[in-house]
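K.L.:
Fold the following.
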Amino acid sequence: MHVMPLLLLIAGSAAVAGAARRTRVPAPLVLLAVGLLVSYLPGVPEYELDPDVVLPLVLPPLLYTAATDSSYLDLRAQKRPVALLSVGYVLFSTLVVGLMVHTFVPGLSAAAALVLAAVIAPPDAVAATAIARRLRLPARVTTILQGESLVNDATAITAYKVALAAALGESVGWLGGSLEFLVASVGGVGVGLALMVPLHWLRTRLNDPLLQNTLSLVIPFFAYALAEQVHASGVLAVVVVALYLGHHAWQVDFATRLQEGAVWRMVAFVLESAVFALIGLQLPVVVRDLGDDYGAGEVLWYAVALFVTVVVVRFVWVYPATFVPRLLSRRIREREANPTWKGSFIISWAGMRGVVSLAIAFSIPATLSDGKEFPGRNLILFLTFTTVIGTLVVQGLTLPPLIRAFRLPGRDVQAETLVEANAQAQASSAAEERLEELMADERNALPQPLADRLRRVMERRRNAVWERLGTRNPLTGENTDDTYRRLASEVIAAERDVFVRLRDARYIDDEMLRTLLMRLDLEEAAAFREAEGE
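P.N.:
Residues are numbered from 1 along each chain as shown. Predicted structure coming up:
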């Protein structure tokens, strides 16, 4: 893709997404619709999705930002439903949908049908995260959808590789396919585990926020590329590293966190906007490639049948996977809250497909090893496109009113506020104790106005006015600005430690932790700015 079309794509999609934020329609759907309309306007360049760009360059940062915003503790608490969806459902969908496609599309071989089924098996990480954020789903439902979308791409890509090998005539049996899946999964997790601690150590040792954020931008691409280099799952490697770094983000200095949050929000916004617009812009490509091999009525029937099959198969899997383990295990019934049929319905209906499916479909080789065309490749591309469009439009548009109709219990704002207030009270008490300890040491002597200022920091720094004197402490050699900054950092660190401890004890969740840490980061940044007289 040339530079100008790429710039037009980024600028145009960002503008449309910005306008969509002023409406009640989810931005992904607006971008998709605009992309479909624009694709046939005169003078618009043809955007053909390149899997060599999307998979290694677009998918890693989107997975990284989604995983760092997720809660490791919440995902661990929901590991069974997440695993059943991200692994079990993808494999089940591949087999069942593949069998159904082979039945109602007579010209498609069993291997080619499995290729198509594997391509459209994984719900999209970008779509799930975007919809969940907008609709403020119940915490458990959001965690399950996010966890599924983080891991299922790895399962689908591996299943696709096995099905593709069979379609290409390579000898791949159940044992070989299972072994490849195991190697890719274990290898991806292993690469992530090997990288996460050294990368976190390096992040905490770099003292320059610009260097730390540069490293942050490189991490997802490096983890993905390294895992793929050793034939492991790059998706799992990125997710493992991102979950660890996100869980330990409080150990990085405040300036890095503030910059990193802004940088990744911008990256996610640009990539998500471009991705959904790019999906719509694929229409001319898939229609052109389909050619005259099939009649319009015939392919539309295939598209509708496949869409219905994909939707029904997800319901067939989700409900037993939700309720059967509870019937079989007393431990699950005792430890976990009883899920409702409404929550399971939302999880079933929220299976939107996205750009990963299209990218995988476009990576199907055009010819076999003997030079013949890949059987049904153009039809697979078309059906993948219609399934992605169908799920995004039909399910994406109906999901918000469905949630409102079900009246699902959202977050208890009052209860969360009480928990947050209690956590803040505990942290403030710890900060006050730490300040009194520090102020009792003559090496930390400060003019009274600055000492009072530090105390008012813990009272939200209301109406704080003081003068900073430029004298130096004879014991430490610090000027008052340096001492003030150091003490402010110490007392804020005491609060931060309490918040992390409460998070680890599951008294507050990761979302609340990020809110509280952001508040402390801003306060620490303000303390540094005030001490410098800016």
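K.L.:
List the contacts of the host helix or strand of Leu211.
P.N.:
Following DSSP states H and E, one finds Leu211 within helix 209-229. Helix 209-229 is contacted from outside by 56-57, 59-61, 63-64, 187-188, 191-192, 195, 199, 202-203, 206, 233-238, 241-242, 245, 252-253, 255-256, 259-260, 263-264, 267, using Cβ atoms under 8 Å, 6 or more residues apart in numbering. Any C-beta I mention is one placed from the backbone N, CA and C, and that applies to glycine too.
K.L.:
just stretch 24-44 next, same as before
P.N.:
Residues outside stretch 24-44 that contact it (Cβ under 8 Å, 6+ apart): 12-13, 16-17, 19-21, 23, 47, 126-127, 130-131, 134, 272-273, 276-284, 389, 392-393, 396-397, 400.
K.L.:
Let's see that with 7 Å instead.
P.N.:
The contact list for stretch 24-44 (Cβ atoms under 7 Å, 6 or more residues apart in numbering) reads 13, 16-17, 20-21, 127, 130-131, 134, 273, 276-281, 283-284, 392-393, 396-397.
K.L.:
hang on, the earlier thing: next step: the contacts of helix 209-229 restricted to helices.
P.N.:
Among the contacts of helix 209-229, the members found in helices (DSSP state H) are 59-61, 63-64, 187-188, 191-192, 195, 199, 202-203, 234-238, 241-242, 245, 255-256, 259-260, 263-264, 267.
K.L.:
Low-confidence ranges, the protein, go.
P.N.:
Where the chain drops to pLDDT under 70, the residues are 1, 125-136, 169-177, 291-293, 368-371, 409-418, 420-421, 457-475, 477-481, 527-534.
K.L.:
Go ahead and flag the most central residue of it.
P.N.:
Geometric centre of the chain, nearest residue: Ala66, 1.9 Å, by Cα atoms, centre = their mean.
K.L.:
and the helix or strand containing it with helix 209-229, angle?
P.N.:
Using DSSP H and E, Ala66 sits within helix 59-68. If you take axes from the mean of the first three to the mean of the last three Cα atoms, to 10 degrees, helix 59-68 sits at 110 degrees to helix 209-229.
K.L.:
next SSE after helix 59-68?
P.N.:
As assigned by DSSP H and E, the chain's next helix or strand after helix 59-68 is helix 72-77.
K.L.:
other SSEs contacting that following helix?
P.N.:
The helices and strands touching helix 72-77, judged by 3 or more Cβ pairs under 7 Å, 6 or more residues apart in numbering; DSSP states H and E, are helix 139-167.
K.L.:
What is the burial count for Leu41?
P.N.:
By other Cβ atoms under 10 Å, 7 other residues sit near Leu41.
K.L.:
correction: Ala423
P.N.:
21.
K.L.:
and the gap between the nearest residue to Thr204 once chain neighbours are set aside and Leu517?
P.N.:
Sequence neighbours aside, Gln251 is the residue nearest to Thr204 in space, at 5.7 Å (criterion: Cβ to Cβ, 6 or more residues apart in numbering). As judged by Cβ to Cβ, to the nearest Å, Gln251 and Leu517 stand 11 Å apart.
K.L.:
try Val44
P.N.:
Distance of Val44 to Leu517, given as Cβ to Cβ: 44 Å.
K.L.:
Please say which of these two ends up with more neighbours.
P.N.:
Comparing Val44 with Leu517 by other Cβ under 10 Å, the one with more neighbours is Leu517, at 20 against 15.
K.L.:
list the contacts for the more buried one?
P.N.:
Shown in contact with Leu517 (Cβ under 7 Å, 6+ apart): Trp250, Arg496, Phe499.
K.L.:
possible to save the residues you listed as JSON lines with distance to Glu336, secondary structure and neighbour count?
P.N.:
Formatted as JSON lines, these follow (distance: Cβ to Cβ, whole Å; DSSP: H, G, I helix; E, B strand; the rest coil; neighbours: other Cβ atoms under 10 Å):
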{"residue": "Trp250", "distance to Glu336": "28", "secondary structure": "helix", "neighbour count": "20"}
{"residue": "Arg496", "distance to Glu336": "31", "secondary structure": "helix", "neighbour count": "23"}
{"residue": "Phe499", "distance to Glu336": "26", "secondary structure": "helix", "neighbour count": "26"}
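K.L.:
Tabulate those (a markdown table), appending distance to Phe92.
P.N.:
Shown next, in a markdown table, are these (distance: Cβ to Cβ, whole Å):
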| residue | distance to Phe92 |
| --- | --- |
| Trp250 | 39 |
| Arg496 | 44 |
| Phe499 | 41 |
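K.L.:
Return the member of those residues nearest to Val299.
P.N.:
Distance to Val299 across the contacts of Leu517 (Cβ to Cβ) is lowest for Trp250, with 52.8 Å.
K.L.:
surely the closest one meets Val500?
P.N.:
Yes: applying Cβ atoms under 7 Å, one finds Trp250 in contact with Val500, separated by 5.3 Å.
K.L.:
Counting by contacts, list what the strand or helix carrying Trp301 packs against.
P.N.:
Per DSSP H and E, Trp301 falls inside helix 296-328. When contacts are defined as 3+ Cβ pairs under 7 Å, 6+ apart, helix 296-328 packs onto helix 90-104, helix 330-335, helix 341-349, helix 377-390.
K.L.:
What residues of it count as buried?
P.N.:
Within helix 296-328, the residues that count as buried by 16 or more other Cβ atoms under 10 Å are 299, 302-303, 305-307, 309-311, 313-314, 317-319, 321-322, 325.
K.L.:
Stretch 45-60: end-to-end distance?
P.N.:
Using Cα to Cα, to the nearest Å, the end-to-end distance of stretch 45-60 comes to 26 Å.
K.L.:
now the angle between helix 209-229 and the helix or strand encompassing Ser178, please.
P.N.:
Element membership of Ser178 [criterion: DSSP H and E] is helix 174-205. Interaxial angle, helix 174-205 versus helix 209-229 (the same axes, to 10 degrees): 170 degrees.
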